[in-house]
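Enquirer: following is a predicted model, sequence given first.
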Amino acid sequence: MSGRRTADGAPVPILMYHTVADEPSLATRGLSVSPGQFAEQMEILADHRCTPLTTADLAAIWRGGGRVLPDRPVLITFDDGYEGVHRHALPVLAKHGFASTLFVSTGWLRGTYDTGGGLDTMLDWDQVRALAAQGTEIGGHSHTHPQLDQLDDAELEFELRRCKEIVDGELGAPPVSFAYPYGHSDRRVRQAVRARGFAQSLAVGNGLARRRQGPYALERVTVRRSTGPAEFERLVEGRAIGRTFAKDRALTKGYALVRRARQTRRKAIRTRV
């Protein structure tokens, strides 16, 4: 990677993690990394002299206002709220002084608001507060982790509002960043996220984030159990992204057609009713 300051319009790798665990649940295994993998990957970032930013940091820089991107920017993000982020990732992040963003599904976390939908051992709110105290930005990821583009307007509003009010109540500040569950969104969802007061949101896309994507559709790259050191280094350097995720993109396009057909059927049913 170049040692020069990164141009503000240059692409930025946003790494998407889920759980960090030696023995993840069957449901989360494919999208998990082991503690050893995570430590090795953070060493790679350190060796490349990368500068991790929070989601809010990146969005603020791309909006303007005097700040510029640092050398070799990268974002480290975690979805859902798995306990391994506190147990295994936090000490490694603290060791390197790395910023990160955790997107929580508030109805999956252990405690008062738990709806029982979590796919593995989840964080509790004391652990979320510990992450926030260490410099992790806490963002929203809905309340119960549905496919937001499949919800009606009232259900969508509930998922966004409930998530935001719980994070605000627990941490004393509302979340400003959001990540779409499963990466799915459409114009209606993005408008609802903006209207609810989130200043930026992340999709998946398995591509590099670019300023021209706009603040409500920034792409990320998936880090999973099968991501070896060489592939991880390519992701961070922005090399061979298309080839690495060719299968993922084909599946995403196919499933998008299925989701649009489902939306059309639901609208037709509501109209008849």
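Expert: On my side now, so go ahead.
Enquirer: could you list the low-pLDDT ranges of the stretch 101-250 of the chain?
Expert: 246-250 (pLDDT under 70).
Enquirer: what are the ranges of the strands in it?
Expert: Taking DSSP state E, counting those that start in this stretch, the strands of the stretch 101-250 of the chain run over residues 136-140, 177-179, 200-205, 218-222.
Enquirer: now the longest strand along the chain, how far from the centre of its chain.
Expert: Ordering each strand of the chain by length in residues (DSSP state E) puts strand 73-80 first. Distance of strand 73-80 from the chain centroid (C-alpha atoms, centre = their mean, to the nearest Å) equals 6 Å.
Enquirer: against which helices or strands is that strand packed?
Expert: Strand 73-80 sits against strand 14-17, strand 51-53, helix 55-63, strand 100-104, with contacts defined as 3 or more C-beta pairs under 8 Å, 6 or more residues apart in numbering; DSSP states H and E. Quick note: C-beta positions are derived from backbone N, CA and C, even for glycine.
Enquirer: tell me the strands beside the shortest one, with direction?
Expert: Note on strand 51-53: by DSSP bridges, its sheet partners are strand 73-80 (parallel).
Enquirer: strand 218-222 and the partner strand, what's the angle between them?
Expert: Relative orientation of strand 73-80 and strand 218-222, computed by axes from the mean of the first three to the mean of the last three C-alpha atoms, to 10 degrees: 80 degrees.
Enquirer: send the alpha carbons of strand 73-80 over as CSV?
Expert: Output of strand 73-80 as CSV, limited to C-alpha atoms (Å, rounded to 0.1, in the frame of the first residue of the first chain):
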residue,chain,number,x,y,z
PRO,A,73,-7.5,4.1,6.4
VAL,A,74,-9.5,1.0,7.2
LEU,A,75,-12.7,0.3,9.2
ILE,A,76,-13.1,-2.7,11.6
THR,A,77,-16.8,-3.4,12.1
PHE,A,78,-18.7,-6.1,14.0
ASP,A,79,-22.3,-7.0,13.4
ASP,A,80,-25.0,-8.4,15.7
